[in-house]
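Visitor: Structure of the sequence below:
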Amino acid sequence: MKIAGLQKVTTIDYPGEVACTIFLHGCNFRCGFCYNPDLVIKDSEGEFSEEDVLNFLEKRVGKLDAVCITGGEPLMTLDLDFVRKIKDLGYKIKIDTNGSFPDKLREIISEGLVDYIAMDIKGDKENYSKIAGVDIDLDKIETSIKMIHSFGKYEFRTTIVDRFHDMNSVINLRKWMNEVCGGKPKRFFLQGFKKNKEGMIDSSFLKEEDIDEKFLRELKESVDEFFNEIEIRV
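Guide: Prediction:
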């Protein structure tokens, strides 16, 4: 496990909590519009040791409520002993995941090491591998969706990108998620693509149009009744 970065305070990454965010190196997906290409393609040593982070968290007990663990894809390398030490300090833990490591996710849930899960849903079934940039085992994705839905404290989220998503694809995504969950997913976010001039995995996305709030609201209205709660992030 390589720790790439530490955001010392955030009020938006964990709903309702004052948190910090730990970034881990590495991802098994190659989404062209990824904002963190350095976390994906560089095989460099982490900038922070586990000891550094734990020392920081010990000093912030009572000031921070929670710790978000993200990437990259954190479940690819996450050391569960590290997570246990964070839990022992009394923090709530949020995990961001792409859902491709259901066995690791099951272990974390069964040990009570996570309090909130955010899973990125890349798009509809038919275009999933295209969006992710690699061949995806959809059985693993569906297993994670079911597990997270049963867990109950979660959000699913999809980043809307013009070249991949339109009204029909979002409706197909809705149908698929309803089938996998066996009903309405609890919480779903549509978030708009924004160019990141500091770098993305595929530089062609610098020519992609940013997604505006109007289009996100149109998409939301088209699938609103099929989720218990659906919101947009601009």
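Visitor: mind listing the helices for this protein?
Guide: For the chain, the helices defined by DSSP state H cover 37-41, 50-59, 80-88, 102-110, 128-132, 138-151, 167-181, 213-223.
Visitor: Between helix 167-181 and the last one, find me the angle.
Guide: Counting by axes from the mean of the first three to the mean of the last three CA atoms, to 10 degrees, helix 213-223 lies at 50 degrees to helix 167-181.
Visitor: Could you give me the buried positions within helix 213-223?
Guide: For helix 213-223, the neighbour count (16 or more other CB atoms under 10 Å) marks Phe215, Leu216, Leu219, Lys220, Val223 as buried. Bear in mind the C-beta positions are built from the backbone N, C-alpha and C, glycine included.
Visitor: and those residues as a markdown table, adding distance to Ile22 and pLDDT?
Guide: What follows is the buried residues of helix 213-223, written out as a markdown table (distance: CB to CB, whole Å; pLDDT from 0 to 100):
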| residue | distance to Ile22 | pLDDT |
| --- | --- | --- |
| Phe215 | 33 | 97 |
| Leu216 | 29 | 97 |
| Leu219 | 31 | 97 |
| Lys220 | 31 | 97 |
| Val223 | 32 | 96 |
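Visitor: and those as a markdown table, adding distance to Ile86?
Guide: Below are the buried residues of helix 213-223 laid out as a markdown table (distance: CB to CB, whole Å):
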| residue | distance to Ile86 |
| --- | --- |
| Phe215 | 38 |
| Leu216 | 34 |
| Leu219 | 36 |
| Lys220 | 35 |
| Val223 | 36 |
